[in-house]
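> below are the sequence and a predicted model; questions follow.
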Amino acid sequence: QVQLVESGGGLVQAGGSLRLSCAASGRTLNNYGMGWFRQAPGKEREFVAAISWSGKSSYYSDSVEGRFTISRDNGKNTVTLQMNSLKPEDTAVYYCASGRRFGPVLGGSGSFDSWGQGTQVTVSS
(Lines give C-alpha, C1' and ligand atoms only; values in the text may rest on other atoms or scores of the structure.)
Protein backbone atom coordinates (compact mmCIF):
# COMPACT_ATOMS: atom_id res chain seq x y z
CA GLN A 1 0.00 0.00 0.00
CA VAL A 2 1.42 3.37 -0.99
CA GLN A 3 1.30 6.37 1.31
CA LEU A 4 0.95 9.76 -0.37
CA VAL A 5 1.77 13.07 1.31
CA GLU A 6 1.02 16.39 -0.33
CA SER A 7 2.87 19.62 0.41
CA GLY A 8 3.25 23.10 -1.01
CA GLY A 9 -0.21 24.50 -0.39
CA GLY A 10 -0.78 27.91 1.09
CA LEU A 11 -2.24 31.37 0.61
CA VAL A 12 -1.47 33.26 -2.59
CA GLN A 13 -2.88 36.28 -4.36
CA ALA A 14 -4.74 35.96 -7.62
CA GLY A 15 -2.29 35.73 -10.49
CA GLY A 16 0.32 34.08 -8.35
CA SER A 17 1.82 30.60 -8.45
CA LEU A 18 2.16 27.59 -6.21
CA ARG A 19 3.93 24.28 -6.66
CA LEU A 20 2.34 21.25 -5.05
CA SER A 21 4.34 18.12 -4.43
CA CYS A 22 3.21 14.59 -3.69
CA ALA A 23 5.74 12.31 -2.05
CA ALA A 24 5.15 8.57 -2.05
CA SER A 25 6.39 5.90 0.29
CA GLY A 26 5.72 2.21 0.63
CA ARG A 27 6.20 1.43 -3.03
CA THR A 28 7.47 2.97 -6.22
CA LEU A 29 5.26 5.22 -8.33
CA ASN A 30 6.91 3.85 -11.43
CA ASN A 31 4.32 2.26 -13.73
CA TYR A 32 1.42 3.87 -11.86
CA GLY A 33 -0.68 6.68 -13.25
CA MET A 34 -1.01 9.65 -10.93
CA GLY A 35 -3.55 12.38 -10.56
CA TRP A 36 -4.53 15.52 -8.72
CA PHE A 37 -8.04 16.28 -7.59
CA ARG A 38 -9.49 19.14 -5.60
CA GLN A 39 -12.50 19.80 -3.42
CA ALA A 40 -13.85 23.22 -2.61
CA PRO A 41 -16.18 23.84 0.35
CA GLY A 42 -19.67 22.61 -0.38
CA LYS A 43 -18.64 21.04 -3.68
CA GLU A 44 -17.81 17.56 -4.86
CA ARG A 45 -14.25 16.43 -5.46
CA GLU A 46 -13.23 17.19 -9.03
CA PHE A 47 -10.51 16.08 -11.39
CA VAL A 48 -7.67 18.55 -11.96
CA ALA A 49 -4.86 16.77 -13.78
CA ALA A 50 -3.38 13.35 -14.41
CA ILE A 51 -0.25 11.84 -15.86
CA SER A 52 -0.03 8.38 -17.37
CA TRP A 53 2.04 5.61 -15.86
CA SER A 54 4.58 6.04 -18.66
CA GLY A 55 4.75 9.78 -18.17
CA LYS A 56 4.17 10.27 -21.87
CA SER A 57 0.65 11.68 -21.56
CA SER A 58 -0.90 14.28 -19.31
CA TYR A 59 -4.47 15.44 -19.02
CA TYR A 60 -6.15 18.50 -17.55
CA SER A 61 -9.58 19.74 -16.74
CA ASP A 62 -10.81 22.57 -18.90
CA SER A 63 -10.68 24.95 -15.95
CA VAL A 64 -6.92 24.54 -15.45
CA GLU A 65 -5.70 23.75 -18.97
CA GLY A 66 -2.87 26.09 -19.90
CA ARG A 67 -2.28 27.22 -16.31
CA PHE A 68 -1.37 24.01 -14.47
CA THR A 69 1.30 21.45 -15.31
CA ILE A 70 1.61 17.97 -13.88
CA SER A 71 4.93 16.17 -13.90
CA ARG A 72 6.54 13.15 -12.30
CA ASP A 73 10.00 12.21 -11.11
CA ASN A 74 10.14 8.45 -10.72
CA GLY A 75 13.66 8.66 -9.33
CA LYS A 76 12.43 10.80 -6.44
CA ASN A 77 9.08 9.01 -6.26
CA THR A 78 7.23 12.30 -6.49
CA VAL A 79 4.56 13.98 -8.56
CA THR A 80 4.31 17.74 -8.90
CA LEU A 81 1.55 20.14 -9.85
CA GLN A 82 2.80 23.54 -10.96
CA MET A 83 -0.04 26.04 -10.71
CA ASN A 84 0.30 29.42 -12.41
CA SER A 85 -2.08 32.33 -12.93
CA LEU A 86 -4.10 31.22 -9.95
CA LYS A 87 -7.67 32.40 -9.57
CA PRO A 88 -9.90 32.64 -6.49
CA GLU A 89 -11.96 29.77 -7.91
CA ASP A 90 -8.90 27.52 -7.62
CA THR A 91 -9.30 27.67 -3.85
CA ALA A 92 -9.74 24.12 -2.58
CA VAL A 93 -8.10 21.22 -0.83
CA TYR A 94 -5.89 19.48 -3.36
CA TYR A 95 -5.43 15.73 -3.24
CA CYS A 96 -2.81 13.54 -4.83
CA ALA A 97 -3.94 10.11 -6.01
CA SER A 98 -2.31 6.98 -7.33
CA GLY A 99 -3.88 4.78 -9.94
CA ARG A 100 -3.49 1.07 -10.55
CA ARG A 101 -0.36 -0.45 -12.06
CA PHE A 102 -0.41 0.19 -15.82
CA GLY A 103 -3.96 1.40 -15.34
CA PRO A 104 -5.83 4.27 -16.98
CA VAL A 105 -6.11 7.70 -15.44
CA LEU A 106 -9.15 9.01 -17.30
CA GLY A 107 -12.02 7.51 -15.40
CA GLY A 108 -12.56 10.01 -12.69
CA SER A 109 -11.78 9.17 -9.11
CA GLY A 110 -12.64 5.52 -9.80
CA SER A 111 -9.33 5.13 -11.65
CA PHE A 112 -7.41 5.85 -8.45
CA ASP A 113 -7.19 3.71 -5.36
CA SER A 114 -4.76 5.53 -3.07
CA TRP A 115 -5.18 9.09 -1.82
CA GLY A 116 -3.24 11.60 0.19
CA GLN A 117 -4.67 13.67 3.02
CA GLY A 118 -4.77 16.85 0.97
CA THR A 119 -3.20 20.29 1.11
CA GLN A 120 -5.11 23.56 1.29
CA VAL A 121 -4.73 26.11 -1.49
CA THR A 122 -6.30 29.51 -0.93
CA VAL A 123 -6.25 32.18 -3.62
CA SER A 124 -7.24 35.68 -2.52
CA SER A 125 -8.72 38.24 -4.90
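Cool, got the structure.

> contacts only, for Arg72.
29, 34, 51, 55, 78-80 (CB atoms under 8 Å, 6 or more residues apart in numbering). C-beta: built from backbone N, CA, C; applies to glycine.

> in PyMOL, how would I select just the buried ones from these?
Selection command for PyMOL covering only the buried members of the contacts of Arg72, criterion 16 or more other CB atoms under 10 Å:
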select buried, resi 29+34+51+55+78+79+80
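
> among the contacts of Arg72, which one lies nearest to Leu11?
Nearest to Leu11 out of the contacts of Arg72 is Thr80 (CB to CB; 19.5 Å).

> tell me the pLDDT at the residue nearest to the spatial centre of the chain?
Taking CA atoms, centre = their mean, the centroid of the chain lies closest to Trp36, which sits 2.2 Å from it. pLDDT, Trp36: 98.

> JSON lines for the contacts of Arg72, including distance to Gln120 and secondary structure?
JSON lines is the format used below for the contacts of Arg72 (distance: CB to CB, whole Å; DSSP: H, G, I helix; E, B strand; the rest coil):
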{"residue": "Leu29", "distance to Gln120": "23", "secondary structure": "coil"}
{"residue": "Met34", "distance to Gln120": "20", "secondary structure": "strand"}
{"residue": "Ile51", "distance to Gln120": "22", "secondary structure": "strand"}
{"residue": "Gly55", "distance to Gln120": "27", "secondary structure": "coil"}
{"residue": "Thr78", "distance to Gln120": "19", "secondary structure": "strand"}
{"residue": "Val79", "distance to Gln120": "18", "secondary structure": "strand"}
{"residue": "Thr80", "distance to Gln120": "17", "secondary structure": "strand"}
